[in-house]
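> coords below, sequence missing:
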């Protein structure tokens, strides 16, 4: 091995300056191209990671939007039960046609599962409760009857009048005097 090094060193020393420049320039060019390739690959990885982060952020934003949409949906069902001015249930009862359902049963979910494969098992757990939620709205709509909001006040007046009458009756019985009115 020592002989080979000596031989190469002698060859290098005997080589013309022109050859030395070409060889050195070639090596430097090779390393610059290699470095550029490595840098380009690193930048490409950073760009891909940035796209993944953006898509993840968009997915999170979409899920928050659909959660908010269903909270509004529930509030609309609640309005039917609590607001005397609301007499009809105006919510989407088909679980595949609400905002979340369109995403859940459409391309949105497929893209989300491609981005985060672990979401598949989590999202599978949403189907039954989501279906039940919409079915409950159908059942509420079928049996709903608008309540008379004045009924409570009227019942309280009758109750008070009845208590006054009972008190008068009790006093009459205790005193032995019939001064009550029926």
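Happy to help now that I have it. Note that the structure is predicted; figures quoted are calculated from it, not measured.
> centroid residue for the chain?
Compute the mean C-alpha point of the chain, and by Cα atoms, centre = their mean the closest residue is residue 63, 2.1 Å away.
> got the domain boundaries for this protein?
The chain breaks down into these domains under automatic domain parsing: 2-147, 149-182.
> need the next SSE after the helix ranked longest in the chain, C-terminal direction.
Counting residues, the longest helix found in the chain (DSSP state H) is helix 17-82. As assigned by DSSP states H and E, the chain's next helix or strand after helix 17-82 is helix 99-104.
> same for the next helix or strand along the chain from that following helix, what does it pack against?
Counting by DSSP H and E, the next helix or strand C-terminal to helix 99-104 is helix 107-115. When contacts are defined as 3 or more Cβ pairs under 8 Å, 6 or more residues apart in numbering; DSSP states H and E, helix 107-115 sits against helix 17-82, helix 119-124. The C-beta positions use only the backbone N, C-alpha and C, and glycine is treated the same way.
> Quick one: closest of these to residue 151.
Among the helices and strands packed on helix 107-115, the nearest to residue 151 by Cβ to Cβ is helix 17-82 (14.8 Å).
> Run the angle between the closest one and helix 107-115 for me.
Per axes from the mean of the first three to the mean of the last three Cα atoms, to 10 degrees, the angle that helix 17-82 makes with helix 107-115 is 140 degrees.
> Quick check: which helices or strands does helix 17-82 pack against?
helix 99-104, helix 107-115, helix 127-143.
> how about CSV for these, with distance to residue 88, mean pLDDT and mean neighbour count added?
Listed next are these as CSV, based on distance: least, Cβ to Cβ, whole Å; pLDDT from 0 to 100; neighbours: other Cβ atoms under 10 Å:
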stretch, distance to residue 88, mean pLDDT, mean neighbour count
helix 99-104, 20, 88, 18
helix 107-115, 30, 88, 14
helix 127-143, 8, 89, 13
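> CSV for these, including distance to residue 155?
As requested, the helices and strands packed on helix 17-82 are exported to CSV (distance: least, Cβ to Cβ, whole Å):
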stretch, distance to residue 155
helix 99-104, 41
helix 107-115, 50
helix 127-143, 22
